[in-house]
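> turn this into a structure:
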Amino acid sequence: MKEKSGIINTFQTKDIIQKSLLEGSKSFQDIRNGLRTSNNLIKDSFEKAIVELMEKLKVFVDYEKIEKVISHNSLNGWTLTGDISAEFYFNEDNLLLSSLDLDALFKSYYENDGYRELENLKKYLLKDEFSKWNHLLTISFDLYHTEKYRISIPALIAIVEGEMSELMNSHKFGKYLFNDFEKQIDEKDKFLAFASYSMYIFLKDVLFKKHKFEAERKEIINRNWVLHGRDEPKQWTKIDLLRLWNTIASIRFLKEMKSNH
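Numbers count the residues shown, from 1 in each chain. Sure, this is the predicted structure:
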């Protein structure tokens, strides 16, 4: 991948991140779980704890491999969230999976054990009682277990764009949001850069990417096709709901990370 911005350069630095991202260590996940409370996903001491851990472990990090996994997951619609298992998300075996197989993997992740992770995702997305999107999000979760779930797709895409505008504090829309987003990546906070890079890839190169209406439909839903009435609703699946909820959770995670600085 060509280096177009400081986002990529982040992966060449070897002074951060956790062992679990590469070799299945649960250190990162254990620390995060220990810091999680009912009201906060990650407490203020999160980054300090990670830095202290890595100073002790002196772990060599293969940033090129991390970049490949993030790119593969994100180009297939699965962005990095704050609550997803690091061991699961950064599994190198994901690189061997097709788009459909990766979709099935993430669907199983959210639906296994009685929809445990999906319930966690729902709680996270609804925890801000002042969010203007709560009613629509609640309806979308209720509809997931019915055959009426497709009605939520346009609403969730609108929420993604609305959340991005709030993250950027911008009145721009669509693809114009992402030029500013790329410029505001904080290279000093490497984990934030990982999460931002993941989001940037999916939104710019997939969900919001310009795709001519007369062209063949892409496998993953496209914002322009959906909101301009060019897509075929019968093509929408529950995978799309999971993907969009996951995306919204990623944006919320970026908001939290930025607010802690």
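> for the protein, which segments count as helices?
Using DSSP state H, the helices of the chain run over 6-9, 20-23, 27-35, 46-57, 63-75, 86-89, 99-125, 134-144, 152-168, 176-183, 190-202, 223-227, 238-259.
> in a markdown table: these, plus mean pLDDT.
Formatted as a markdown table, the entries for the helices of the chain read as follows, by pLDDT from 0 to 100:
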| stretch | mean pLDDT |
| --- | --- |
| helix 6-9 | 34 |
| helix 20-23 | 43 |
| helix 27-35 | 50 |
| helix 46-57 | 55 |
| helix 63-75 | 89 |
| helix 86-89 | 90 |
| helix 99-125 | 97 |
| helix 134-144 | 98 |
| helix 152-168 | 93 |
| helix 176-183 | 69 |
| helix 190-202 | 82 |
| helix 223-227 | 92 |
| helix 238-259 | 93 |
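> single out the most deeply packed of those.
Comparing the helices of the chain on average neighbours per residue, with mean count of other CB atoms under 10 Å, the densest one is helix 190-202 at a mean of 23. C-betas here are computed from N, CA, C, even on glycine.
> between that helix and helix 238-259, how many degrees?
140 degrees (axes from the mean of the first three to the mean of the last three CA atoms, to 10 degrees).
> distance of the residue nearest to S131 when sequence neighbours are not counted relative to D93?
Taking CB to CB, 6 or more residues apart in numbering as the measure, S131 lies nearest to L137, with 7.9 Å between them; neighbours along the chain are not counted. In this structure, L137 and D93 are 32 Å apart, going by CB to CB, to the nearest Å.
> measure the residue nearest the centre of the chain to K148 for me?
Centrality entry for the chain: nearest residue to the mean C-alpha point is T79, 2.8 Å, by CA atoms, centre = their mean. Between T79 and K148 the distance, using CB to CB, works out to 26 Å.
> now swap in L244 and tell me
Separation of L244 from K148 (CB to CB): 16 Å.
> ok, S165 next?
S165 sits 28 Å away from K148 when distances are taken as CB to CB.
> H228 now?
With distances taken as CB to CB, H228 is found 22 Å from K148.
> and for E92?
From E92 over to K148 the distance is 38 Å, taken as CB to CB.
> so which of these two has more stuff around it?
E92 (15 against 11; other CB atoms under 10 Å).
> okay, now W78: neighbour count?
Here the count is done by other CB under 10 Å, and W78 has 26 residues near it.
> show me the contacts for it.
Taking CB atoms under 8 Å, 6 or more residues apart in numbering as the definition of contact, the neighbours of W78 are 89, 102, 106, 202, 243, 246.
> quick one: pLDDT of the closest residue to E161 other than its chain neighbours?
Using CB to CB, 6+ apart and skipping the chain neighbours, the partner closest in space to E161 is F173 (6.6 Å). The predicted structure scores F173 at 73 on the pLDDT scale.
> number of residues surrounding F173?
F173 is surrounded by 12 other residues when neighbours are defined as other CB under 10 Å.
> wait, R223 sits on K210?
No. If you go by CB atoms under 8 Å, R223 and K210 don't touch, sitting 9.9 Å apart.
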